[in-house]
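Student: output the structure for:
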Amino acid sequence: MTDKFKLTIATLFGFGLLPGAPGTWGSLASIILLYPIALQYGNIGLVTAVAVGSFLTIWAADVCENRWGKDPSQMVIDEFAGQALVFLFIPFQGSLTQDWGYLFAGFILFRIFDIAKPLGIKQLQHFPSGFGILLDDLLAGFYALICLHTGILLISFL
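Tutor: Predicted coordinates for the structure are as follows:
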């Protein structure tokens with residue numbers, strides 16, 4: 001594959017090149033892609049999205065780091081993998097008007113964990129190349145998943 005193709009995939013078709021906050025743009029683009037996947041294929045689709053996003057992160061990491069340096073912010077395919085993890089087992093209803101709360105909360109929780117990098121997330125960035133780029137987003141996604149499900153459970157008791 002050409003370097004240009006890897007860069008296109010790694011930036012989620014250019015969302016990682018948008019100014020200001022590439023990770024936020026990448027997470028937003030991920031939700032736009034993941035919501036239909038979740039509705040059509042459920043958890044199998046989301047697990048597949050995590051696996052594909054993970055593979056693509058590791059596959060494209062060398063080209064991105066050669067172009068932009070270590071753990072480049074323009075590379076947002078790792079956000080896709082982490083954001084997909086957040087929505088596992090979420091009871092989507094199939095209507096954006098009903099599901100926007102889950103999507104918004106999952107987006108915000110993921111961004112908080114991805115930016116603040118608490119609870120061991122930051123240490124995962126020390127792994128080499130694509131693994132360091134990927135693992136912190138997967139752990140951020142896992143923590144966001146736990147928080148989102150906890151919130152859903154608490155709201156169900158109200």
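Student: quick one: contacts for Leu103?
Tutor: For Leu103, the contacting residues are Ile31, Tyr35, Phe87, by C-beta atoms under 8 Å, 6 or more residues apart in numbering. All C-beta spots, glycine's among them, are computed from the backbone N, C-alpha and C.
Student: what about the closest residue to Val47 other than its chain neighbours, how many residues close to it?
Tutor: Counting by C-beta to C-beta, 6 or more residues apart in numbering, Val47 lies nearest to Leu88, which is 7.1 Å off, once chain neighbours are set aside. When neighbours are counted by other C-beta atoms under 10 Å, Leu88 registers 18.
Student: report the secondary structure state of Leu88.
Tutor: coil (DSSP: H, G, I helix; E, B strand; the rest coil).
Student: if we can go back for a sec, nearest to Gly20 among the contacts of Leu103?
Tutor: Here the nearest of those to Gly20, counting by C-beta to C-beta, is Ile31; it sits at 17.4 Å.
Student: okay if I get the contacts of Leu103 as JSON lines plus neighbour count, distance to Phe142 and pLDDT?
Tutor: Output for the contacts of Leu103, formatted as JSON lines (neighbours: other C-beta atoms under 10 Å; distance: C-beta to C-beta, whole Å; pLDDT from 0 to 100):
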{"residue": "Ile31", "neighbour count": "20", "distance to Phe142": "17", "pLDDT": "97"}
{"residue": "Tyr35", "neighbour count": "17", "distance to Phe142": "20", "pLDDT": "98"}
{"residue": "Phe87", "neighbour count": "29", "distance to Phe142": "12", "pLDDT": "98"}
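Student: can you lay out the residues you listed as TSV showing distance to Ser129?
Tutor: TSV is the format used below for the contacts of Leu103 (distance: C-beta to C-beta, whole Å):
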residue	distance to Ser129
Ile31	26
Tyr35	30
Phe87	27
